[in-house]
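Participant: what would the 3D arrangement of this be:
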Amino acid sequence: MNNNPQRSLFFNVDWIAVIIFLCLCTIGWFNIHSAAFDPRYPSAFDMHTDYGKQLVFIIVAVSLGIIILLLESRFLVALAPAIYAITTLLLMAVLVVGRNVGGNQAWISLGGGFRLQPSELAKFSTCLLLARYLNGTNVKITELKSFLIAAGIILFPMALIMLQPDAGSTLVFSALILVLYREGLSPYFLILEGLFITLFVLTIKVDNHLYVIGPLVAIAAIIMLLFKRNKKIVSAVFLGLCMCIAFIFSVNFLYNHVLKPHQKVRIDIVLGITSDLKGKGYNVNQSKIAIGSGKLWGQGYMHGTQTIYKFVPEQSTDFIFCTVGEEWGFAGAVTVLGLYLFLVLRIIRIAERQRSTFTRVYAYGVASVIFFHVVINVGMTIGIVPSIGIPLPFISYGGSSLVSFTLLLFVLIKLDSNRMGIIYA
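Facilitator: Numbers count the residues shown, from 1 in each chain. Take a look at the predicted model:
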């Protein structure tokens, strides 16, 4: 019988998740090396280059993962409110002292060419605090008070990030509705979210709002006539209709008065409203050319023409997936996507084997954030979603992103390693 709890926890670590993490980090470094290679600085350790810095970030991330595995699980749970408060203060600070990059005031300069992006860390702290709250006594997401508090935990950092304004990072938090759904939130909220997305697209594409509002009113009227004896259904449909109409007008205001011109153009390009292949649509067009040129097996490592000649801007960050497609081909792209799918499914499996509500909620938060990032980032590179500038987990260049996803994943791995011994109160 093993009487050493540390040894027992060590063997309870989900090494499959750790191996996928290491594989994705390695794939990321090789693709960054190819996308950002500078013949003036051929050394992989040269700090003048993105690949040199990324190697340092990976070493830091792996070291951070090891440190997390050595920590006490209860320590992580107890610190959830403090971590959330610190990241909230950083989100406020960046609005005052932040550095503007690409139109977003989202970075705090640390000197030496390094920067901190608080919005990346906020994803981790929000998942942690949300898990702690939903694990509380007498907290039921089906009750209005509990729902509003949980929604507030998610919406507060979203509002601060939107002020930067960083629409991409803001939208990531919307994925956490899947966590609430798993904990008992009515599926009607998911249907409502899908309806709002549809209305958003229709409102932008259709010039006259009446063409959108008219059918909604007609459908609502028919439903209310069919169920006129059921006051609850009639009231719910009427309330839903009012919300939809208010949403349509808010989308119009947001689109015309809040979004910046470059953000509107990106949406217009994806929706087919406009075409600007030499301007705002240049990135996506070149990315699609790069991915398509890879064919089945790719052009080979550091042999992609789009990559070598730097046709795709931001190729080591937001558009790193087009390097995978060009140099590794369809086979390489499917392999990378397969790793992500395996990781998300693994996290869901970890979630469902927990005795602790805290760990289950946190695990679904991690799965939701990673899934959203992968779908949106890959969708950006192939032109099916607007280019909103979010990184590909563990692969895109960037220390803040890599550290954030490492925190998300390894805190979960640590909590899971303790699943048989601790039920968090």
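
Participant: how far does stretch 101-114 stretch from one end to the other?
Facilitator: End-to-end distance of stretch 101-114: 13 Å, with CA to CA, to the nearest Å as the criterion.

Participant: how far away from the center of its chain is that stretch?
Facilitator: 20 Å (CA atoms, centre = their mean, to the nearest Å).

Participant: stretch 390-404 now?
Facilitator: Distance, centroid of stretch 390-404 to centroid of chain: 10 Å (CA atoms, centre = their mean).

Participant: assign the residue of the chain positioned farthest from its centre to helix, strand or coil.
Facilitator: Taking CA atoms, centre = their mean, the residue of the chain most remote from its mean C-alpha position is Arg229, at 44.1 Å. Under DSSP: H, G, I helix; E, B strand; the rest coil, Arg229 falls in the coil class.

Participant: ramachandran angles for it?
Facilitator: Dihedral pair for Arg229: phi -80, psi -10, per degrees, to the nearest 10.

Participant: can I get the helix or strand hosting Lys414 as CSV, trimmed to CA atoms?
Facilitator: Element membership for Lys414, per DSSP states H and E: helix 399-417. The C-alpha coordinates for helix 399-417 follow below in CSV (Å, rounded to 0.1, in the frame of the first residue of the first chain):
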residue,chain,number,x,y,z
GLY,A,399,3.6,34.5,-23.9
SER,A,400,0.4,35.8,-22.4
SER,A,401,-1.7,33.3,-24.5
LEU,A,402,0.6,30.4,-23.8
VAL,A,403,0.8,31.1,-20.1
SER,A,404,-3.0,31.5,-19.9
PHE,A,405,-3.8,28.2,-21.6
THR,A,406,-1.1,26.5,-19.6
LEU,A,407,-2.7,27.8,-16.4
LEU,A,408,-6.2,26.7,-17.6
LEU,A,409,-5.0,23.2,-18.5
PHE,A,410,-2.6,22.4,-15.7
VAL,A,411,-4.8,23.6,-12.9
LEU,A,412,-7.4,21.2,-14.2
ILE,A,413,-4.8,18.4,-14.4
LYS,A,414,-3.8,19.1,-10.8
LEU,A,415,-7.4,19.2,-9.6
ASP,A,416,-8.1,15.9,-11.5
SER,A,417,-5.1,14.2,-9.9
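
Participant: do you know the pLDDT at Thr87?
Facilitator: Thr87 is assigned 94 on the pLDDT scale.

Participant: contacts only, for it.
Facilitator: For Thr87, the contact set (CB atoms under 8 Å, 6 or more residues apart in numbering) comprises 118, 121-122, 124-125, 157. All C-beta spots, glycine's among them, are computed from the backbone N, C-alpha and C.

Participant: 7 Å instead?
Facilitator: Thr87 is in contact with 118, 121-122, 125, counting by CB atoms under 7 Å, 6 or more residues apart in numbering.

Participant: tell me the most packed of those residues, by neighbour count.
Facilitator: Pro118 (28 neighbours; other CB atoms under 10 Å).

Participant: any idea how far Phe189 is from it?
Facilitator: 28 Å (CB to CB, to the nearest Å).

Participant: what ranges do the strands span in the chain?
Facilitator: Applying DSSP state E to the chain gives strands spanning 99-101, 104-111, 114-116.

Participant: now what about the second one, what contacts it?
Facilitator: This points to strand 104-111. With CB under 7 Å, 6+ apart, strand 104-111 has contacts from 93-95, 97-99, 101, 115-119, 164-166.

Participant: closest to Tyr362 among those?
Facilitator: Using CB to CB, Ser119 is the member of the contacts of strand 104-111 that lies nearest Tyr362, at 19.1 Å.

Participant: which residues sit in contact with the residue lying closest to that closest one once chain neighbours are set aside?
Facilitator: Using CB to CB, 6 or more residues apart in numbering and skipping residues adjacent in sequence, the residue nearest Ser119 is Ser169, 4.2 Å away. For Ser169, the contacting residues are 119, 161, 390, by CB under 7 Å, 6+ apart.

Participant: ditto for Lys140
Facilitator: 146, 184.

Participant: could you list the low-confidence segments of the stretch 251-400 of the chain?
Facilitator: By pLDDT under 70, the low-scoring segments of the stretch 251-400 of the chain are 262-263, 266, 269-280.
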